[in-house]
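In: need a 3D model of the sequence below.
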Amino acid sequence: MNWSLWRSIPWIDTRAAFVAGTPANGALLDLGSSDGGTLCHMAELRPDLDFFSVDIAGRPARTPRGTTFVKADLEKDRLPWPDGSFDAITCMHVIEHLRTATNLWAEIARLLKPSARAYIETPGEDSVNTASAPGLLRNRVTMNFFDDPTHIHPVSVGNMRIAAAANGLTVLQSGKSRNVLFAAVYPLFALLPPFRQKYVAKLHWLGWSAYVIAQRPVA
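Out: Sure, this is the predicted structure:
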């Protein structure tokens, strides 16, 4: 769904609400952009922002026009921007793929401007017990944490809060990530035969993803 539809109601989606709070004409860095789909949604919501992207696999297939891309390994690389470069940083469903997140947290803390915020999202702890989607849909939507063979280990909200604090960040908020609209349609979809959107809606109904919002304090 095009996020431009949510410009007046960004609270409908946890991610959109975070992006909507970025200062006007600010700079947003997305760490681990994958195919670039979520980054493009951010640009639909906030076309005024300057976007920056990092991924280990190379430039995403899609990025907003003018996006600056850097190929980097978030487990070990120092990113090529000065301290305090960004008004917002997002890192969605990346941390569970890392053997160690020490460098990731250090770079987030270094790159945030004073009072700027970071949004980190990962499968919640309950995802290890969620039933997988049936048949071929299992390969199209990750319901159980281990449906994705590149997942290394679940990361709890508690551990993310500890890591943020250890790097001098103040945790402002944490919880379950949801799109209210998608969650609301799940009871209807639950009555229908299996299809991908049914299970995407179920993820939002369950609050399958967990998030932390952390802020760099003003010196």
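In: list the contacts of residue 20.
Out: Neighbouring residues of residue 20 by CB atoms under 8 Å, 6 or more residues apart in numbering: 7, 10, 45-46. C-beta: built from backbone N, CA, C; applies to glycine.
In: most surrounded residue in the residues you listed?
Out: residue 46 (24 neighbours; other CB atoms under 10 Å).
In: is it true that it touches residue 23?
Out: No. Residue 46 is beyond contact range of residue 23, at 10.2 Å (criterion: CB atoms under 8 Å).
In: mutual contacts of the two, please.
Out: Shared contacts of residue 46 and residue 23 (CB under 8 Å, 6+ apart): none.
In: from residue 104, how far off is residue 43?
Out: Distance from residue 43 to residue 104, counting by CB to CB, to the nearest Å: 23 Å.
In: likewise residue 83?
Out: Distance of residue 83 to residue 104, given as CB to CB: 16 Å.
In: looking at these two, which one has more neighbours?
Out: Per other CB under 10 Å, whichever of residue 83 and residue 104 has more neighbours is residue 104, with 21 against 9.
In: show me the contacts for the more buried one.
Out: Residues near residue 104 by CB under 8 Å, 6+ apart: 31, 74-75, 91, 94-95, 98.
In: weed out the non-buried ones from these.
Out: Among these, those classed as buried by neighbour count (16 or more other CB atoms under 10 Å) are 31, 74, 91, 94-95, 98.
In: quick one: which of those residues sit in strands?
Out: If you go by DSSP state E, these have 31, 91 in strands.
In: that's a strand at residue 120, yeah?
Out: Yes. Counting by DSSP: H, G, I helix; E, B strand; the rest coil, residue 120 is part of a strand.
In: so it bridges to which residues?
Out: Using DSSP bridges, the beta-bridge partners of residue 120 come out as residue 91, residue 212.
In: same thing with residue 53?
Out: Applying DSSP bridges, one finds that residue 53 bridges with residue 30, residue 69.
In: once you drop chain neighbours, what's closest to the residue nearest the centre of the chain?
Out: Among the residues of the chain, the one closest to the centroid is residue 92, at 2.2 Å (CA atoms, centre = their mean). Among residues not flanking residue 92 along the chain, residue 121 sits closest, at 4.5 Å (CB to CB, 6 or more residues apart in numbering).
In: residue 143 touches residue 205, doesn't it?
Out: No. Using CB under 8 Å, residue 143 is not in contact with residue 205; the gap is 11.7 Å.
In: could I get the contacts of residue 104 in TSV, plus columns for pLDDT and distance to residue 65?
Out: Below are these laid out as TSV (pLDDT from 0 to 100; distance: CB to CB, whole Å):
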residue	pLDDT	distance to residue 65
31	98	20
74	97	25
75	97	30
91	98	22
94	97	24
95	97	28
98	97	30
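In: closest to residue 131 among these?
Out: Residue 131 lies nearest to residue 95 out of the contacts of residue 104, by CB to CB, at 23.6 Å.
In: ok, that closest one - contacts?
Out: Residue 95 neighbours (CB under 8 Å, 6+ apart): 101, 104, 120, 122, 155, 160.
In: what's the answer for residue 130, then?
Out: Applying CB under 8 Å, 6+ apart to residue 130 gives the contacts 143-145, 206, 208.
In: show me how to select, in ChimeraX, the buried members of those.
Out: A single ChimeraX command selects the buried members of the contacts of residue 130 (16+ other CB under 10 Å):
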select :143,144,145,206,208
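In: strands of this structure, start to end?
Out: Under DSSP E, the chain gives strands at 27-31, 50-55, 68-71, 86-92, 112-123, 170-177, 209-215.
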